[in-house]
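# the following comprises the amino acid sequence and a computationally predicted model.
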Amino acid sequence: MTGYRRKSQCICAFALMLVLVFTGFGGFSAAAIGDYVGGSDSLYRTSISEIENFLTSTTYKTYCDIYGGVAMGPEITIDVTKYNTEASKGTVKIVGELDGMSNVLVCGDDSAVVFDVEMKKPARYNILVEYYTGDFDYGEHLVSKSATSERYVLIDGIVPYKEARSVQFDRTWADVYTRFDENGRIIYESNGEKSRYLSTDKDFVDFLLDPENHKADSSRPFLRDSNGNELKPSKQLVGSWKSKYVYDSTGYYFEPLTFYFAEGAHTIGFQAVREPLAIKSIKLVEAEKTPTYEEYLQAHAGAADYKGESVVIQAEFPYMISHNTIYQIYDRSSAYTQPQDSALIRLNEIGGDKAQYVGQWIEWKVEVPESGFYYINPRSRQNYYSGMYVSRKIYINGEFPFQEACNLRFKYNSSWQAEPLNDGTTTFKFYLEKGVNTIRFEAVLGDMSEILSTVENSLSKINEYYRKILMITGPDADSYRDYGFDKLIPDVLRGLSAQSKELYRVSNLLSELTGDKGEQSTNLDRVALVCERMSTYPSTIAPQMKTLKDYSAALGSWLADAKNQPLDIDYISFQAVESESPKAEPGFFGGLWYELKKFWMSFFSDYNSLGSLEENDTSARNIKVQVWTATSRDQAQIIRSLVDDDFTPNYEDISVEIKLVAGGTLLPATLAGTGPDIYLGAGQGDPVNYAIRSAVLSLNTKTGNTNVGYNFENLKDSIWNSQEPDGSYTYPAYHKLIENNTIKSFEEVKTWFAPQALIPVTLYGETYALPMTMSFAMMFYRKDIFVELGIEVPNTWDEFYDIIYSLQSNSLEIGFPAGTGGSMIMMYQQNEPLYDMGNYDYYTELFRRYFYDGDYNTITDSQKKELDESIFEKGYTYHDSEGNYIPKTDGMTINLDSDISLAAFKDCCQFFTAYAFPKVYDAANRFRSGEMPLIIQDYTAYNTLIVFAPEINGLWEFTPLPGTADELTQEINNSTIGGISTVIMMRSVKPDNALGAWAFMQWWLSAPTQSAYGNEMVALLGPSAKQPTANMQALTNMSWSADEYNNLFAQFNAVACTPEFPGSYIIGRYTNFAYLDVVNNKHDPIKEMQEQINDINTELSRKRDEFKLPTSSWIKQIEKEVSEKYKGWDAGLKGGTN
Amino acid sequence: MAKEKAVIRNDISRFKWTLIEMKKNKVGYFMALPFFILFFIFVVVPVLLSLLLSFTTFNLLEWPKFVFMDNYIRLFLDDDVFIIAIKNTLKFAAITGPGSYLLSMMFAWFINELRPKIRSIVTLFFYAPSISGNVYLIWTLFFSSDQYGMVNAWGMKLGLLQEPVLWFQDKKYIFGLIVAVALWTSLGTSFLTFIAGFQVVDKTLYEAGAVDGVKNRWQELWYITLPTMRPQMMLGAILAITNSFGFGYVITALVGFPSPDYCAHTIMHHLSDYGDQRFEMGYASAIATLLFFMMIGANLLVTKLIRKVGT
């Protein structure tokens, strides 16, 4: 019972795991996904000393204050092939050829590549990196996924300032259009593939440059669905070599970052955060100075202002974009948006909140009739942040024309605006050469950058001070006590005062810039005021702690919002200088007419159907599969397009209908007999619940009984062989699929998931569904706070106990799952299941003796066989995969009353009773403020944190849970409990489309589809929409950083799932009762739990009785009868119940 | 219209009499038909079906099996939780039913005394909580279990609490809290009916009462106002009862399902427990039937009581 309190001595286990990891990590070998005995995770945890190298509170501004005076040095070119092989880590490789370049250095997503430089004298440098923006694949860790490459820049092994911690190397993407004829039918190549072209191809560029195509009523390159709505094109990476200075990716600084080198030998390191990177060259140079607007005008003094007709380009036809998350969107609010339709979706604009993050850009091509100065006049709308403006930086033909062009302002307005580009005071004219020009708009922070960077710094300082005060006062500060802060933490008081002044300063600046009357600046003023009061009157610190916390949380959200730069762009007009802007919005009557038309059309449009591509009109196909999902419309749309793009071409004769339904519809629909064939996203308990009521059939039955389920291999055979009387095949549609082995077998599909993931959907040997998503608890911790307190991340619960003291003595809290979540984890780490399982030999013998009429002692082997078969017929046993008879006795009673279970429950309750862990808390907020630097929670909380708390990006990590050391081997088992959502095939599937339904199911859950779905979700809904896929291979392809992936993968291999048995719903309920009695009333945990056991077992028996399964009371009864007949027969058989 | 020959009720059978009457009033029946069809399909049929189902076991996915009285026997003899549910329901209904009824009436009476303009403002003020949907959820904000929740934070600040209390998770507080929430949201439709009722009382009756010797406002209320507005009181009472029996969804929203140790488990909860969670529709139907009769009984009782008003 004190197994995990023991000090762990796990060195040999650790060494074993090292070997395992290095050998087993290549691909998903059986060893890697075998038994879930963890320990391997320890390898991935960054050690405290390593973290220290990356953590720095120095900002670039301070760095410049110190080294700004040093002169820029002469150009130095680094030969990338001569990198320092000793200091470099991870996968680094020199590639002979990549897209026309030879000797390219490819560094993996796990790498840290280090270069040596020699300085003759102290100097500052910008770093210019020439890298590849496209796709490449050089084996493990060197496969580029869709995300932007991200690196730490280390000088002499240390990150010199905060901004060097996230240096990004963006990619370039192009739209992929599909050719179609005048009837909207897709044109196919001779090889049967759709005829496609990129937006960077000549075809499209020709289209772009023709002004006719930018008229409101011209023909458009977008495909249309069967309803006539335009469908957005897909995206593809375009490979090209690109030189880019190392920039600050937060957007606070416009100029390339500079790095200082003292005299002598130095190293420059690029440590991977995300994605591999292919580098051709690295140069230490001085970036060219950008001219001012005046200098720019002088440089083009000879050029005349353009006088002619305006040239208009539609913004929804970009040439290239920086992220696959940027796509065409539609506006239905304004009649003047080009083109507009009162009923149908027209992709008539681009940007919005899809291109709102700093550094994202969109590039267009335009042909102007003569050289000269132009006004660039986008019809745009910023109706996202009231009282604020968003900024854009413009590049013309890849050049940044003049300094002021990085502050192009777009003020808030609820309606569309058309104003020439300006910075709020000056309207700029831009020099364009005759012919084709490229125009790029990049999202930047503009004038706001200084404000926002100051606020961010202040905020992290204030959070730090808050924590320091908290360490003295504890979470419930006593207002009436004099803590003597001025003596204890004078530096904090000084800091608060400084931050207050700083915030007031930027608040004024903000008011000046935005003309804001306080709407925005209150957020800053409030925090500044509290800080000011706190520093001036230290006695008011304690009562104001809560206020400070609330206000700074609000400021944090404000900051996160203010950094977003969303802007809708409809079209861009290149027009004569000083000419009149086009009209951006219709007059009153024009608008009214449009609204009336829209209202009228709303009676005829079907907004709920997910239209498929027109050419996929399904009536002609003979196998129909209906799929229901209760997710959001966006998700359903993604599923639809994946089906159109990938399923339909490969499974030609199967037509799939996707329906978006409300949650909870499945049961009534099944009852009414109108249910779907496949339901995506059912709950963990649903499959078994439906199955025991015969609404769902098994997917892998070996019984051959079609009332129990399917065996798709047999089904394939019978379909293959079934012929009509005239000799033709009954199901010709399936023949090609079976011939090409396109439809995978259940046994193969099974291996795609973590082995435990199938446990909740399996009952007595029959698997009734497959897992779609799987999420589980992991340990989130704040690196900076752990470093500050000098504590190591716990590997075992013993170590966890040790750090409780370190954290609590500093008044910091720990987030632990409330209820029985924690104790279940501890139980499974000690291989203690939730239900009483196993002991099959005993029950088999018992059944035999009970059901045998004669004297069992004289039974012959053949009689025994008959007897076994008759017990099986009665439904008390099932076949396992080897064909043995296994009694259906698992799950008769609950195992929460075993010694280990009770001890685990007691220990977990003690966290709340004796250690006073908070029972209810807002995890994201407390993690962000740092008062809860360690939280055990579902790993999908990552999604929230990455978006909600950008100011702590890079300061936290999630790792596998602390484990329990085995008493004998000292191996650490760090299992976690996984929860899954499932895909079920309903019984309403007809015999002739069962194989079709399975074909869809195995296609949907396959790695390529799941990773495409996951990536599409992120592309469509942003970084907070990462899918917790259950497919292990798909997890690899998602845009996790190498560290995140390693941690996730380590925990993935140590996921345990609880089985579902009839009546399992009762367990959570009663155990929660026990937990609440303990934490609310301080009752004895063991007694409370034991009191619930009886109720749980009664309900389990009652439910099992309903489904004619053996129950514990029936077993007791037959045990009595059998032991009366055969005394002492069970010697040695009835051991433990496990 | 020609005068029809008078038919004497005693001359013919009751059935024939009804038919004749129906023929005479066929327009009325015709006009009631749309409502009647809907009422029949969506109320009468389900009630009858549920009555039938209560004699079967029905798991929603397979065909029901007839088990006669088994469900009822189990309900009364072998279901401890049901006994708790009955106890909670009656306790809850006994407090919040009359409680909310009296509250509505008292407030309506007070408000009725105000000047018309102020009256409408005050009416809106009191009525607002019940029109704004899930406004009761504000209580979860006040009584949040977080240590920074309002009541917890203040309680700890003032030294009343040692550590954060899980208000809606601790059976010591749950019942009291949900009764308070129920009373708070109860000033709904019945409250409006009362206000309307007070307005329709014939003013001349008060004068007549004064002449007949009504001595004070209480007597005026009891002998004149309330008897006059009996229909409104009836409606109010029925609404109050229905609300107090059907308050389950608010409890679930506040406390979760099921409540700790079933301390706020009402018959409604028991019903949805068996119907939605355990797939035992037959048993759930038996519970529903029982609830149906309980409500009918309560309504009959209330009708009787209201007849006593003013006597």
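Ah, there it is.
# CA only for contacts and neighbour counts going forward, please
Will do.
# and the residue of the stretch 101-250 of chain B found nearest chain A, backbone torsions?
Of all residues in the stretch 101-250 of chain B, the one sitting closest to chain A is residue B:146 (5.0 Å; C-alpha to the nearest C-alpha). Main-chain dihedrals, residue B:146, degrees, to the nearest 10: phi -60, psi 150.
# verify the stated contact: it with residue A:920.
Yes: between residue B:146 and residue A:920 there is a contact under C-alpha atoms under 8 Å: 5.0 Å.
# how close does the residue of the stretch 101-250 of chain B closest to chain A get to residue B:162?
13 Å (C-alpha to C-alpha, to the nearest Å).
# which one of those two has more residues nearby?
Neighbours around residue B:146 and residue B:162, counted as other C-alpha atoms under 10 Å in any protein chain shown, are more numerous at residue B:146. The numbers are 20 against 11.
# got a pLDDT number for the closest residue to chain B within the stretch 51-200 of chain A?
Closest approach of the stretch 51-200 of chain A to chain B (C-alpha to the nearest C-alpha) occurs at residue A:57, with a separation of 29.9 Å. Residue A:57 carries a pLDDT value of 76.
# got the residues of chain B near chain A?
Neighbours of chain A within chain B, by C-alpha under 8 Å from any C-alpha of the partner chain: B:59-62, B:145-147, B:156-157, B:165-166, B:169-170, B:258, B:260-261, B:277-278.
# mind checking which of these are buried?
Buried subset of these (neighbour count, 16 or more other C-alpha atoms under 10 Å in any protein chain shown): B:59-61, B:145-147, B:156-157, B:165-166, B:169-170, B:258, B:260-261, B:278.
# and the residues you listed, which two are furthest apart?
B:61 and B:157 (54.5 Å; C-alpha to C-alpha).
# below-threshold pLDDT in chain A: ranges please.
A:1-49, A:516-518, A:606-621, A:1131-1138 (pLDDT under 70).
# name the SS class of residue B:195, please.
helix (DSSP: H, G, I helix; E, B strand; the rest coil).
# can you verify my assumption that it contacts residue B:108?
Yes: between residue B:195 and residue B:108 there is a contact under C-alpha under 8 Å: 5.1 Å.
# any idea which strand is longest in chain A?
strand A:769-782 (DSSP state E).
# just checking, what packs against it?
strand A:934-938, strand A:956-959, strand A:976-985 (3 or more C-alpha pairs under 8 Å, 6 or more residues apart in numbering or on different chains; DSSP states H and E).
# close to chain B: what parts of the stretch 651-800 of chain A are there?
Counting by C-alpha under 8 Å from any C-alpha, the stretch 651-800 of chain A sits next to chain B at A:667, A:670, A:671, A:690, A:693, A:694, A:695.
# let's have the residues you listed in TSV, adding neighbour count.
Shown next, in TSV, are those (neighbours: other C-alpha atoms under 10 Å in any protein chain shown):
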residue	neighbour count
A:667	18
A:670	18
A:671	15
A:690	22
A:693	16
A:694	17
A:695	20
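# as CSV, those with secondary structure would be great.
Listed next are those as CSV, based on three-state DSSP:
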residue, secondary structure
A:667, helix
A:670, helix
A:671, helix
A:690, helix
A:693, coil
A:694, coil
A:695, coil
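# farthest pair within those residues?
Within those (distances taken as C-alpha to C-alpha), the two that end up farthest apart are A:667 and A:694, at 12.7 Å.
# so what sits against both of these two?
Common contact partners of residue A:667 and residue A:694 (C-alpha atoms under 8 Å, 6 or more residues apart in numbering or on different chains): residue B:61.
# okay, now the sheet partners of the helix or strand hosting residue A:270, with direction.
In this structure, residue A:270 is located in strand A:264-274 according to DSSP states H and E. Its sheet considered, strand A:264-274 pairs with strand A:112-119 (antiparallel), strand A:149-155 (antiparallel) by DSSP bridges.
# how distant is it from the center of its chain?
Here strand A:264-274 is found 28 Å from its chain centre; the criterion is C-alpha atoms, centre = their mean, to the nearest Å.
# I'd like to know which elements the helix or strand that that strand is followed by is packed against.
Sequence-wise, the next helix or strand downstream of strand A:264-274 (DSSP H and E) is strand A:277-285. Under the contact criterion of 3+ C-alpha pairs under 8 Å, 6+ apart, strand A:277-285 touches strand A:76-78, strand A:101-107, strand A:123-132.
# which stretch among those strands comes nearest residue A:966?
strand A:101-107 (38.9 Å).
# between that closest one and strand A:277-285, how big is the angle?
Counting by axes from the mean of the first three to the mean of the last three C-alpha atoms, to 10 degrees, strand A:101-107 lies at 100 degrees to strand A:277-285.
# quick one, strand A:101-107 and strand A:123-132 angle?
110 degrees.
# which residues of the stretch 1-150 of chain A fall in helices?
A:11-24, A:48-54, A:60-67 (DSSP state H, counting those that start in this stretch).
# can you pull the buried residues of the last one?
Buried residues in helix A:60-67, defined by neighbour count with 16+ other C-alpha under 10 Å: A:60, A:61, A:63, A:67.
# isn't the third one right up against residue A:161?
Spelled out, it's residue A:63. Yes: the criterion here is C-alpha under 8 Å, and residue A:63 meets it with residue A:161 at 7.0 Å.
# does the most centrally placed residue in chain B count as helix, strand or coil?
Centroid-nearest residue in chain B: residue B:242, 1.6 Å away (criterion: C-alpha atoms, centre = their mean). Under three-state DSSP, the three-state class of residue B:242 is helix.
# so it touches residue B:295, yeah?
Yes: the pair residue B:242 / residue B:295 is scored as a contact, 7.4 Å apart, by C-alpha under 8 Å.
# number of nearby residues for residue A:553?
Residues lying near residue A:553 (other C-alpha under 10 Å) number 21.
# ignore the last one, residue A:742
For residue A:742, using other C-alpha under 10 Å, the count is 15.
# next: the one 4 residues further on.
By the other C-alpha under 10 Å criterion, the neighbourhood of residue A:746 contains 17 residues.
# next one: the one 5 residues further on
Number of residues near residue A:751 (other C-alpha under 10 Å) recorded here: 14.
# do residue A:138 as well
For residue A:138, using other C-alpha under 10 Å, the count is 14.
# quick one, helices of the stretch 101-250 of chain B?
B:116-131, B:138-142, B:150-157, B:171-185, B:189-200, B:203-212, B:217-219, B:226-228, B:230-245, B:248-255.
# tabulate these (TSV), appending mean pLDDT.
Shown next, in TSV, are the helices of the stretch 101-250 of chain B (pLDDT from 0 to 100):
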stretch	mean pLDDT
helix B:116-131	83
helix B:138-142	83
helix B:150-157	83
helix B:171-185	86
helix B:189-200	84
helix B:203-212	88
helix B:217-219	85
helix B:226-228	85
helix B:230-245	82
helix B:248-255	84
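# residue A:642 is nearest to which of the ones you listed?
It's helix B:248-255; of the helices of the stretch 101-250 of chain B, that one is closest to residue A:642 (C-alpha to C-alpha) at 37.8 Å.
# give the next helix or strand downstream of that closest one.
Later in the chain than helix B:248-255, the nearest helix or strand by DSSP H and E is helix B:267-272.
# which residues touch the residue of the stretch 101-250 of chain B closest to chain A?
So residue B:146 contacts A:918, A:919, A:920, A:921, A:922, B:152, B:164, B:166 (C-alpha under 8 Å, 6+ apart).
# so how far is residue A:922 from it?
Distance, residue B:146 to residue A:922, by C-alpha to C-alpha: 8 Å.
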